[in-house]
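S.K.: Test case, fold it:
(one chain, ligands or ions: 1)
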Amino acid sequence: MPHSEPIDLVVRGGTVVNADWQGAADVLVGNGRVRALVAPGAFPSEAIRRAGAGELDASGRLLLPGGVDPHCHVGFTSGEFTSLDDYRQATTAAVFGGTTTIVDFAIPRPGENPADVVAVQRVKAADGLCDSALHACVVDWDDTVPEQLRALVADGVVTVKMFTTYRGETMAEEKTILKVMTHLRDLGGMVVVHCEADHIITDVQERRAAVGAIDAGHHAATRPELAETASVAEILAIAESVAAPVYFVHQSTPEAVDLVARARSRGVRAFTEAVAHHLVLDDSAYAGPHPERFVCCPPLRTATTVAGLRSRVFLGQVATIGSDHCCYDTAQKESARHDVRAMPNGLPGVETRMPVLFSELVVKRGLPLGRFVAALCANPARLNGLYPRKGVIAPGADADFALWDPSVTREVRGSGLHMATDYTPYEGLPVTGWPSTVVVGGRVVVDDGHLTDAAPHGRHIPSGALGPALIC
Ligand SMILES: [Zn+2]
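M.R.: Residues are numbered from 1 along each chain as shown. Sure thing, here's the model as predicted:
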């Protein structure tokens with residue numbers, strides 16, 4: 001036990017939950033990192049006092065690694081809309097929900113260089129209450145892209161987002177996706193893809209507009225499941241053809257997940273990300289009084305599809321669960337609700353991701369705790385090159401913890417959350433379990449539900465080697 005190292009915080013009496021191990025342990029922290037896990041009481045109060053260390057009582061609580069949200073848009077501009085948070089606001093909401101690392105996107109506007117956008121985004125990390133990493137994004141191919149990719153990977157940005165929809169904005173042609181995949185493969189990076197076949201969606205939307213069914217209440221029908229399935233099949237074929245790894249963001253249907261699982265069984269390094277709202281909410285929301293608040297892409301699916309997607313989590317086919325956080329408010333959403341083609345897409349969710357999924361998957365349906373930690377902490381860290389620094393409570397890892405009260409019950413209320421918007425899509429949802437205390441880099445940032453350290457200590461964390469993912 002490295003007692004010669006300085007110890008400045010001891011978390012006592014909790015049950016440590018890692019993806020692959022859980023048990024009673026006290027955690028010794030020094031200089032922002034975990035120094036050791038020791039048997040309960042092995043580092044007695046007397047020794048803590050002598051060391052001048054702080055002490056956190058975690059008894060009755062679970063000690064989870066701080067959440068890693070692999071899919072989080074901060075201050076994202078799309079069309080004429082910009083989502084309403086900055087790094088300080090997004091990370092404040094994150095830590096209140098137990099998430100201590102977010103992975104944001106550096107998405108170029110038409111004409112911008114991917115590497116330039118990363119450089120601009122990267123410096124914003126310092127305004128955060130917790131750490132962050134970045135996905136780059138390539139839209140168009142030109143001769144400078146290979147060199148930009150080399151520089152980005154050398155600089156710790158190893159994942160590149162690409163879209164098969166939003167023509168004229170962020171959509172990339174298939175041949176561009178193939179080239180970027182091939183170059184990233186050789187650099188040790190990975191393409192992360194938003195898959196919805198643009199030609200199918202455009203056609204369906206035009207036909208629906210012609211009969212006056214293009215408003216927010218009809219959103220689900222404007223982006224059919226088969227548009228996602230078709231696009232996933234195409235991108236998987238490209239990845240398999242060039243033997244490149246590929247990660248599918250926000251997969252919303254069991255068919256799409258199954259395509260990825262089958263490819264993986266053939267040896268393709270393909271991974272599924274699901275996002276919280278596709279696992280909890282269904283398309284009945286579009287028949288309610290505020291359909292615009294639920295407009296996201298892919299849309300919320302039928303209850304049958306949601307149940308099928310959820311079953312894939314239990315089958316171990318979903319590597320990561322993100323939030324796809326995008327912080328628009330009701331006024332922004334309402335301003336274009338008559339036509340989903342003009343609407344700002346996305347739901348606020350960085351704060352609710354962990355508590356809502358803990359309640360819905362672990363408490364209600366019996367997902368083992370280790371699997372929850374794998375999907376929300378460990379695998380997002382591993383597949384973003386942040387492991388073993390993030391996503392695990394182990395010697396050498398950053399001291400990022402969520403002290404989880406597994407028995408507290410509450411109803412989710414937008415008014416009680418910290419996201420920079422006026423609503424939550426989970427309004428009124430009863431949940432069991434919420435983080436009571438959150439530690440970031442050895443500092444207690446949230447304690448007993450109150451912000452106790454608002455100083456911005458956020459860092460941009462460079463990504464290293466990717467994977468391997470656990471379970472799936
Ligand atoms: Zn997204």
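S.K.: What's the per-residue pLDDT of the closest residue to residue 371 other than its chain neighbours here?
M.R.: Leaving aside its sequence neighbours, residue 371 sits nearest to residue 471 (Cβ to Cβ, 6 or more residues apart in numbering; 6.6 Å). To be clear about C-beta, it is placed using only N, CA and C from the backbone, and glycine gets the same treatment. The predicted structure scores residue 471 at 72 on the pLDDT scale.
S.K.: do the same with residue 408
M.R.: With respect to pLDDT, residue 408 has a value of 97.
S.K.: what's the helix or strand for it?
M.R.: Counting by DSSP states H and E, the element that carries residue 408 is strand 401-411.
S.K.: which is the next helix or strand following that strand?
M.R.: Downstream of strand 401-411, the first helix or strand assigned by DSSP H and E is strand 430-440.
S.K.: Same question for that next one: list its buried residues.
M.R.: 431-440 (16 or more other Cβ atoms under 10 Å).
S.K.: What strands line up against that strand, and which way round?
M.R.: Strand 430-440 pairs in its sheet with strand 401-411 (antiparallel), strand 443-447 (antiparallel), by DSSP bridges.
S.K.: Output those as JSON lines; include the columns mean neighbour count.
M.R.: Converted to JSON lines, the strands paired with strand 430-440 look like this (neighbours: other Cβ atoms under 10 Å):
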{"stretch": "strand 401-411", "mean neighbour count": "19"}
{"stretch": "strand 443-447", "mean neighbour count": "20"}
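S.K.: among those, which is nearest residue 418?
M.R.: Taking Cβ to Cβ, strand 443-447 is the member of these nearest to residue 418, at 9.8 Å.
S.K.: hey, where'd the helices end up in the stretch 101-250 of the chain?
M.R.: Secondary structure of the stretch 101-250 of the chain by DSSP state H, counting those that start in this stretch: the helices cover 114-122, 145-154, 174-187, 198-210, 219-222, 225-242.
S.K.: hang on, the earlier thing: would you list the strands paired with strand 430-440 in TSV and tack on distance to residue 394?
M.R.: Shown next, in TSV, are the strands paired with strand 430-440 (distance: least, Cβ to Cβ, whole Å):
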stretch	distance to residue 394
strand 401-411	12
strand 443-447	19
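S.K.: Which among these is found nearest to residue 114?
M.R.: strand 443-447 (32.1 Å).
S.K.: who touches that closest one?
M.R.: With contacts defined as Cβ atoms under 8 Å, 6 or more residues apart in numbering, strand 443-447 is touched by 9, 32, 54, 56, 95-96, 129-130, 435-439, 451-453, 457.
S.K.: CA atoms only for that strand, dumped as CSV, please.
M.R.: C-alpha atoms of strand 443-447 as CSV (Å, rounded to 0.1, in the frame of the first residue of the first chain):
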residue,chain,number,x,y,z
ARG,A,443,-12.3,17.5,-5.0
VAL,A,444,-15.8,17.2,-3.6
VAL,A,445,-17.8,19.2,-6.2
VAL,A,446,-21.3,18.2,-5.2
ASP,A,447,-22.1,17.2,-1.6
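S.K.: After it, heading C-terminal, what element do we hit next?
M.R.: That would be, after strand 443-447 and using DSSP H and E, strand 450-451.
S.K.: number of nearby residues for the closest residue in space to residue 110 that isn't next to it in sequence?
M.R.: Setting aside the residues directly before and after it, residue 110 is nearest to residue 169 in space (Cβ to Cβ, 6+ apart), at 7.2 Å. Applying other Cβ atoms under 10 Å, we find 13 residues neighbouring residue 169.
S.K.: where do the strands sit along the stretch 251-400 of the chain?
M.R.: Assigned by DSSP state E, counting those that start in this stretch, the stretch 251-400 of the chain shows strands spanning 270-275, 320-322.
S.K.: quick one, which of those is nearest to residue 87?
M.R.: Taking the strands of the stretch 251-400 of the chain one by one with Cβ to Cβ, strand 320-322 is closest: 17.4 Å.
S.K.: Can you list the neighbours in contact with that closest one?
M.R.: With contact meaning Cβ under 8 Å, 6+ apart, strand 320-322 is reached by 69-72, 249-250, 271-276, 279, 313, 353, 357, 375-376, 379-380, 383, 469.
S.K.: if I look at the closest residue to residue 229 other than its chain neighbours, how far off is residue 137?
M.R.: Among residues not flanking residue 229 along the chain, residue 255 sits closest, at 4.9 Å (Cβ to Cβ, 6+ apart). Distance, residue 255 to residue 137, using Cβ to Cβ, to the nearest Å: 26 Å.
S.K.: OK, contacts around residue 121?
M.R.: The contact partners of residue 121, taken as Cβ under 8 Å, 6+ apart, are 104-106, 134.
S.K.: nope, residue 226 is what I was after
M.R.: So residue 226 contacts residue 200 (Cβ under 8 Å, 6+ apart).
S.K.: what do you get for residue 318?
M.R.: Residue 318 makes contact with 251, 257, 272-274, 312, 375, 472 under the criterion Cβ under 8 Å, 6+ apart.
S.K.: Dump these to CSV, plus neighbour count and distance to residue 318.
M.R.: Converted to CSV, the contacts of residue 318 look like this (neighbours: other Cβ atoms under 10 Å; distance: Cβ to Cβ, whole Å):
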residue, neighbour count, distance to residue 318
251, 27, 8
257, 24, 7
272, 27, 5
273, 23, 7
274, 28, 5
312, 22, 5
375, 28, 6
472, 21, 7
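S.K.: and those residues as TSV, adding distance to residue 419?
M.R.: Shown next, in TSV, are these (distance: Cβ to Cβ, whole Å):
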residue	distance to residue 419
251	24
257	28
272	26
273	21
274	20
312	27
375	22
472	30
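S.K.: Out of those residues, which is nearest to residue 184?
M.R.: Of the contacts of residue 318, the one sitting nearest to residue 184 (Cβ to Cβ) turns out to be residue 273, at 17.1 Å.
S.K.: Just the pLDDT for the closest residue to that closest one other than its chain neighbours.
M.R.: Distances taken as Cβ to Cβ, 6+ apart place residue 320 nearest to residue 273, at 4.6 Å, with adjacent residues excluded. At residue 320, the model reports a pLDDT of 98.
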